[in-house]
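Asker: turn this into a model:
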Amino acid sequence: MSKKINIISPFGPKLAKIKLSKKVVNDINQEVERIILNEKKSKKKRLF
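Answerer: Alright, predicted model coming up:
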């Protein structure tokens, strides 16, 4: 995995563009699915 981080700021807040390994992406996706399937956690206050 590359350690290069590209930070851009086209309109205010800074955004980071990075490459993640497939394992990290899969781990994140599994955690999101677990939260979605857990009704109590999925009903918590949302930011948007």
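Asker: just checking, what's the longest helix in this structure?
Answerer: If you go by DSSP state H, the chain has its longest helix at helix 22-37.
Asker: go ahead and flag the most central residue of the chain.
Answerer: I28 (6.9 Å; CA atoms, centre = their mean).
Asker: report the contact partners of it.
Answerer: L20 (CB atoms under 8 Å, 6 or more residues apart in numbering). No exception for glycine: its C-beta is placed from N, CA and C like everyone else's.
Asker: was I right to think K14 contacts I7?
Answerer: Yes - look at K14 against I7 with CB atoms under 8 Å: they come within range, at 5.5 Å.
Asker: picking that back up, roughly how far does the residue nearest to the centre of the chain sit from I8?
Answerer: When distance is defined by CB to CB, to the nearest Å, I28 is 21 Å away from I8.
Asker: same check on K23?
Answerer: 26 Å.
Asker: and K22, by the same measure?
Answerer: Taking CB to CB, one finds K22 at 24 Å from I8.
Asker: I7 contacts P13, doesn't it?
Answerer: No - in this structure, I7 is not within contact of P13 by CB under 8 Å, at 10.8 Å.
Asker: okay, those two: which has more neighbours?
Answerer: The neighbour count for I7 versus P13, taken as other CB atoms under 10 Å, is higher for I7 (9 against 6).
Asker: show me what contacts the more buried one?
Answerer: 14-17.
Asker: tell me which of those residues fall in strands.
Answerer: Per DSSP state E, strands hold the following members of the contacts of I7: 15-17.
Asker: okay, now the unreliable bits of the protein?
Answerer: The model of the chain has pLDDT under 70 over residues 1-2, 40-48.
Asker: try 90
Answerer: For the chain, applying pLDDT under 90 flags the ranges 1-20, 32-48.
Asker: what's the closest non-adjacent residue to I8?
Answerer: L15 (5.2 Å; CB to CB, 6 or more residues apart in numbering).
Asker: residue contacts, the one you found?
Answerer: With CB under 8 Å, 6+ apart, L15 has these contacts: 7-9.
Asker: which ones among these lie within helices?
Answerer: Using DSSP H, none of the contacts of L15 sit in helices.
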